[in-house]
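>>> Quick one, what's the 3D model for this:
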Amino acid sequence: MRNHFGVSRISQIGALAALADPEHFANVQKKISVSRNRLYQIARENGLSSLPSAANFVSIDCGKDGNFARKVLESLVINSVFIRMSTIAPMDRCIRVSCGDSEAIHAFEKALPIALQAAASS
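Reported below is the predicted structural model:
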């Protein structure tokens, strides 16, 4: 059996090399922190809350049930923004948004209000 989100051996070797480079590691941590903080802000700007995170993603609570969150996810995908969500209640009311560069975060920022409106009106 294999974890479908598993990490390949070559990726593990690359990760170990990155961890051995303190300057690179600090730079990546800073970029993730900036991205994560921006995702928190986008959630707040849209009347949503998010769970505290120390990872490279943020779970944003869509404020309703799992069906609503799935509609938000579907609308985001239609607008070329790929995210994930948990399938287990009560976490299924959240969407999982990965940290990214400013272009990816901006795409999410533009698409989220559209997705929320689409989900609310369906």
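>>> what's the longest helix in the protein?
helix 22-45 (DSSP state H).
>>> where's the residue nearest to residue 71 when sequence neighbours are not counted, which helix or strand?
In space, and not counting its chain neighbours, residue 71 is closest to residue 119: 3.6 Å by C-beta to C-beta, 6 or more residues apart in numbering. Placement of C-beta: from N, CA and C, glycine included. Element membership of residue 119 [criterion: DSSP states H and E] is helix 102-121.
>>> Okay, now the unreliable bits of this protein?
Low-confidence segments of the chain (pLDDT under 70): 1-5.
>>> On the three-state scheme, the spatially most central residue of the chain is what?
In the chain, the residue lying closest to the centroid (C-alpha atoms, centre = their mean) is residue 97, at 0.9 Å. Counting by DSSP: H, G, I helix; E, B strand; the rest coil, the backbone at residue 97 sits in strand.
>>> Ok, residue 76 next?
Once three-state DSSP is applied, residue 76 turns out helix.
>>> cool, residue 58 as well?
Applying three-state DSSP: residue 58 is strand.
>>> Could you report the neighbour count for it?
23 (other C-beta atoms under 10 Å).
>>> which one is it nearest to, not counting chain neighbours?
Spatial nearest neighbour of residue 58, chain neighbours left out: residue 39 (4.2 Å); criterion: C-beta to C-beta, 6+ apart.
>>> Double-check the one you found against residue 99; I have them as touching.
Yes: Residue 39 lies in contact with residue 99 (C-beta atoms under 8 Å); the separation is 6.9 Å.
>>> joint contacts of the two?
Common neighbours of residue 39 and residue 99, using C-beta atoms under 8 Å, 6 or more residues apart in numbering, are 58, 105.
>>> For these two, indicate the residue with more neighbours.
Taking other C-beta under 10 Å, residue 39 and residue 99 do not tie; residue 39 has more neighbours (24 against 21).
>>> quick one: contacts for the more buried one?
With contacts defined as C-beta under 8 Å, 6+ apart, the neighbours of residue 39 are 50, 58, 60, 97, 99, 105, 108.
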